[in-house]
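**Q** no FASTA, just this:
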């Protein structure tokens with residue numbers, strides 16, 4: 001990132017024609033810019049209408065300005081928000097004029113980075129800003145809002161306090177090496193560390209749920225050629241997306257679409273038909289289907305209920321665990337009803353007609369129920385960590401494992417203390433108590449300009 005001392009400016013709304021556009025300014029020269037634009041001392045948190053004139057005195061637009069005096073602002077610095085008419089040319093004219101007056105074009109995420117560096121938010125809250133912007137579904141929105149309000153930070157504070165309590169007891173004996181840790185104290189320390197390890201593991205288990213909230217539940221739609229997979233995809237989408245034909249094998253590649261189902265985003269992936277005796281092109285399709293299956297959270301196996309249960313390619317059949325497979329018996333509108341093979345008795349089954357929509361509500365209910373099953377309870381708050389948090393927590397667990405092992409094997413206590421200091425550093429990485437400038441730059445660079 002460029003100098004944190006610069007006064008920065010950026011368009012905070014998407015480029016394009018709209019009712020309004022919003023520009024944001026932050027930095028020590030903001031108050032002087034606000035005086036020049038408004039024509040008076042800017043009152044804090046009060047909307048002021050003004051004629052925006054460029055440095056040459058040319059009228060650009062009729063704008064609305066709100067000044068936020070630091071530290072009571074998003075960034076912790078003096079901040080000015082300018083609302084203008086949503087003509088891209090007007091917004092660009094104002095931005096160019098602000099730069100001519102001494103502002104620097106903000107880099108992606110720089111406003112949020114300043115909020116973090118100025119202590120307005122911790123790093124997990126900064127990440128929640130991105131989650132909030134990109135939330136897909138009510139559950140993802142709720143999780144992002146709770147993290148933005150410090151849910152993960154509070155949870156980590158509890159873990160840090162517990163660790164510091166144990167570390168303080170151990171450090172006391174490190175400072176006085178002539179004294180050994182009494183057996184009763186050692187057992188209590190080990191028990192406390194094991195309880196802490198359990199809490200860390202529970203938090204770590206929310207990583208998959210967090211990925212589901214951010215990316216959507218990945219649902220692979222499988223089945224033999226002409227079983228109605230593409231018709232089912234179209235029915236779930238409520239529109240024709242996949243080509244449907246009576247000729248078997250129409251789908252040779254895969255299609256992916258997203259839908260909102262209840263509180264969740266669902267990624268539906270229509271795969272190539274599974275032929276037990278495939279040709280070369282079909283074999284390539286099956287190989288891709290196996291890749292999709294390996295990454296899927298849930299599999300919809302679509303069977304034509306009017307025909308005998310098909311023989312699936314062995315490598316596919318071996319990957320269909322009942323815990324993540326839902327059997328969809330399609331074409332319930334037809335009179336013929338072949339009994340399913342007993343090998344599917346342990347699988348949840350739903351009968352539908354992709355043609356008429358019959359049974360679709362039951363399928364949607366089953367998908368919603370499966371989605372809710374991914375949620376990990378951590379008190380009343382929704383906590384769902386991301387990959388960066390998971391890496392830090394994995395390192396913390398490794399440090400706890402090592403410390404517990406050393407204490408049980410009566411190794412020098414300073415070695416266990418060193419492991420626990422590493423755990424403390426890993427905890428600090430989540431909240432942002434780090435000195436890794438490169439990591440911070442990479443994180444905030446993924447933000448939008450103006451955020």
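**A** Received the coordinates, thanks. On a predicted model such as this, the values are computed, not experimentally measured, just so you know.
**Q** Specify the helix with the largest residue count in this structure.
**A** Taking DSSP state H as the criterion, the chain has its longest helix at helix 151-175.
**Q** what's the helix or strand just after it packed up against?
**A** Using DSSP states H and E, the helix or strand that follows helix 151-175 in sequence is helix 183-204. With contacts taken as 3 or more CB pairs under 8 Å, 6 or more residues apart in numbering; DSSP states H and E, helix 183-204 sits against helix 151-175, helix 387-408. C-beta: built from backbone N, CA, C; applies to glycine.
**Q** Just name the most buried of these.
**A** Across these, averaging neighbours per residue (mean count of other CB atoms under 10 Å) puts helix 387-408 on top, at a mean of 19.
**Q** Show me where the stretch 201-350 of the chain dips below the pLDDT cut-off.
**A** Applying pLDDT under 70 to the stretch 201-350 of the chain flags residues 241-253, 276-283.
**Q** Which parts of it are helices?
**A** In the stretch 201-350 of the chain, the helices defined using DSSP state H, counting those that start in this stretch lie at 207-215, 229-237, 280-295, 314-317.
**Q** How about the last one, which residues are buried there?
**A** With burial defined by 16 or more other CB atoms under 10 Å, the residues of helix 314-317 counted as buried are residue 316.
**Q** That one - contacts with which helices or strands?
**A** Under the contact criterion of 3+ CB pairs under 8 Å, 6+ apart, helix 314-317 touches helix 280-295.
**Q** same check, this time on the longest one
**A** In terms of contacts (3+ CB pairs under 8 Å, 6+ apart), helix 280-295 is packed against strand 217-223, helix 314-317.
**Q** Dump these into TSV; add distance to residue 69 as well.
**A** Below are the helices and strands packed on helix 280-295 laid out as TSV (distance: least, CB to CB, whole Å):
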stretch	distance to residue 69
strand 217-223	44
helix 314-317	63
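**Q** Figure out which of the ones you listed is closest to residue 33.
**A** Residue 33 lies closest, by CB to CB, to one member of the helices and strands packed on helix 280-295: strand 217-223, at 46.6 Å.
**Q** before we move on, back to that, now the longest helix of the chain against helix 387-408, angle please.
**A** Computed with axes from the mean of the first three to the mean of the last three CA atoms, to 10 degrees, the direction of helix 151-175 lies at 30 degrees from that of helix 387-408.
**Q** Contacts for helix 151-175 next, please.
**A** For helix 151-175, the surrounding residues in contact (CB atoms under 8 Å, 6 or more residues apart in numbering) are 122, 124-125, 128, 179-181, 185, 189, 192-193, 195-196, 199-200, 203, 378, 381-383, 385, 389, 413-414, 416-417, 420-421, 423-424, 427-428, 430-431.
**Q** Please, a ChimeraX command that selects the buried ones among those residues?
**A** This is how ChimeraX selects the buried members of the contacts of helix 151-175, with burial counted by 16+ other CB under 10 Å:
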select :122,124,125,128,181,189,193,196,200,203,378,381,382,383,385,389,413,416,417,420,423,424,427,428,430,431
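**Q** Now render the helices and strands packed on helix 183-204 as JSON lines, adding mean pLDDT and distance to residue 361.
**A** Formatted as JSON lines, the helices and strands packed on helix 183-204 follow (pLDDT from 0 to 100; distance: least, CB to CB, whole Å):
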{"stretch": "helix 151-175", "mean pLDDT": "87", "distance to residue 361": "34"}
{"stretch": "helix 387-408", "mean pLDDT": "96", "distance to residue 361": "35"}
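**Q** Could you pull out the buried residues of stretch 204-220?
**A** Residues 204, 206-207, 209-214, 216-220 are the ones in stretch 204-220 that count as buried (16+ other CB under 10 Å).
**Q** now, the most widely separated pair of those?
**A** Checking these with CB to CB, the most distant pair is 204 and 220, at 25.7 Å.
**Q** And residue 150, its phi and psi?
**A** The phi and psi values for residue 150, taken as degrees, to the nearest 10, are phi 90, psi 20.
**Q** which element is the nearest residue to it once chain neighbours are set aside on?
**A** Once flanking residues are discounted, residue 150 sits nearest to residue 125: 6.3 Å by CB to CB, 6 or more residues apart in numbering. Residue 125 belongs to helix 123-134 when assigned by DSSP H and E.
**Q** just checking, what packs against that helix?
**A** On a contact count with 3+ CB pairs under 8 Å, 6+ apart, helix 123-134 meets helix 110-117, helix 138-148, helix 151-175, helix 207-215, helix 413-431, helix 437-445.
**Q** JSON lines please, covering those helices and showing distance to residue 42.
**A** Shown next, in JSON lines, are the helices and strands packed on helix 123-134 (distance: least, CB to CB, whole Å):
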{"stretch": "helix 110-117", "distance to residue 42": "19"}
{"stretch": "helix 138-148", "distance to residue 42": "27"}
{"stretch": "helix 151-175", "distance to residue 42": "32"}
{"stretch": "helix 207-215", "distance to residue 42": "38"}
{"stretch": "helix 413-431", "distance to residue 42": "34"}
{"stretch": "helix 437-445", "distance to residue 42": "28"}
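**Q** picking up where we left off before, let's have the buried residues of stretch 204-220 in JSON lines, adding distance to residue 302.
**A** Shown next, in JSON lines, are the buried residues of stretch 204-220 (distance: CB to CB, whole Å):
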{"residue": "204", "distance to residue 302": "35"}
{"residue": "206", "distance to residue 302": "31"}
{"residue": "207", "distance to residue 302": "30"}
{"residue": "209", "distance to residue 302": "27"}
{"residue": "210", "distance to residue 302": "29"}
{"residue": "211", "distance to residue 302": "25"}
{"residue": "212", "distance to residue 302": "22"}
{"residue": "213", "distance to residue 302": "27"}
{"residue": "214", "distance to residue 302": "28"}
{"residue": "216", "distance to residue 302": "20"}
{"residue": "217", "distance to residue 302": "17"}
{"residue": "218", "distance to residue 302": "17"}
{"residue": "219", "distance to residue 302": "12"}
{"residue": "220", "distance to residue 302": "11"}
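**Q** Closest one to residue 54 out of those, please.
**A** residue 214 (41.7 Å).
**Q** Was I right to think that closest one contacts residue 267?
**A** No: if you go by CB atoms under 8 Å, residue 214 and residue 267 don't touch, sitting 11.5 Å apart.
**Q** So which elements touch the longest strand along the chain?
**A** The single longest strand within the chain, with elements called by DSSP state E, is strand 59-68. Judged by 3+ CB pairs under 8 Å, 6+ apart, strand 59-68 is in contact with helix 30-38, strand 47-53, strand 79-85, helix 88-100.
**Q** I am finished for the moment; much appreciated.
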